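J.: the following comprises the amino acid sequence and a computationally predicted model.
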Amino acid sequence: CVQVPIMLCLSALMALALDSMKLHGTRFFRISTFLPYAVPAVVSTLIWGFVYGAKYGLVGSLNDFLGTDIDVLAPSVLLASIGNIVTWEFTGYNMLIFYSSLSTIPHSLYEAASIDGASEWQIVKSIKLPELRGSLAITVIFSIIGSFQLFNEPSILQNMVPGNAITTYYTPNMYAYNLSF
C-alpha cells in the first residue's frame, strides 16, 4: 500500500531530474534506471535475497561490521523488503513513462515562462507537474495491478525466510496458484 506512492514519487523525481537538462550523463542515467525492469523478476529476487542474506549477504556483512542483528527477512519487515525489491524493479519503467510525458511539452512554454520571470520551481509547479497528471493516472493503475499480481518475489523468498512468514495466501496470485495446484 505504501510502496506504490514511494515508487511513483521516486520515478517522478528522476524524470524531473532528467528533464531539467542539468543532469550530466542522461543517457547512462536513463539506461541504468531502466535496466532493473529488464532483469527477470526471478533473477532480481534471487539477487536481493542474496543481498538480504544474514550469513553471506550485504545485510549480514553490515550487521557483522556494525555489531547489530537486523534481519530484513523477519516477518515484521518482510513486506517492506518485498516492496523494496518491487520498487527497484519498476521505478525505471515508471520513470520512462513520466519522462516521455515531460518530453512532449513544447520548449516555447518554458521560454515564455522564463521571459515572464518564472523560477525553475515555478516552472515545475505550473507546467511540468500538471503535465504529469495523465501519466500519473496510468502509472498508478499499472502499479496497483502489478501489486495484485505479485507472485515471483514472495514465492522465491518463501524458501529464504524463517518459519512460515510467507504463507500460501500471502498474495492473491499465490492463493490462486495454491488453490489450483
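T.: Okay, I see it.

J.: use CA for all of it now, contacts and neighbours both
T.: Fine.

J.: ok, Asn152 - contacts?
T.: Residues counted as contacts of Asn152 (Cα atoms under 8 Å, 6 or more residues apart in numbering) are Ala41, Val42, Thr45.

J.: from those, which ones fall inside helices?
T.: Among the contacts of Asn152, DSSP state H puts Ala41, Val42, Thr45 in helices.

J.: distance of the first one relative to Asn152?
T.: This points to Ala41. Counting by Cα to Cα, to the nearest Å, the gap from Ala41 to Asn152 is 6 Å.

J.: please identify the helix or strand for the nearest residue to Leu23 once chain neighbours are set aside.
T.: Counting by Cα to Cα, 6 or more residues apart in numbering, Leu23 lies nearest to Ala17, which is 6.6 Å off, once chain neighbours are set aside. Secondary-structure assignment from DSSP states H and E places Ala17 in helix 3-19.

J.: show me what the lengthiest helix in the chain is in contact with.
T.: When the chain is parsed with DSSP H, its longest helix is helix 78-102. With Cα under 8 Å, 6+ apart as the contact definition, helix 78-102 has outside contacts at 3-4, 7-8, 10-12, 14-16, 18-19, 30, 33-37, 39, 41, 44-45, 48, 72-73, 128, 131-132, 135-136, 139, 153-154, 165.

J.: how about it: buried residues?
T.: Neighbour counts over helix 78-102 (16 or more other Cα atoms under 10 Å) mark 78-79, 81-83, 85-99, 101-102 as buried.

J.: tilt between it and helix 3-19?
T.: Interaxial angle, helix 78-102 versus helix 3-19 (axes from the mean of the first three to the mean of the last three Cα atoms, to 10 degrees): 40 degrees.

J.: helices along the chain, start to end?
T.: Counting by DSSP H, the helices of the chain are 3-19, 26-38, 41-52, 58-66, 78-102, 107-115, 120-123, 129-131, 133-148, 152-157, 172-180.
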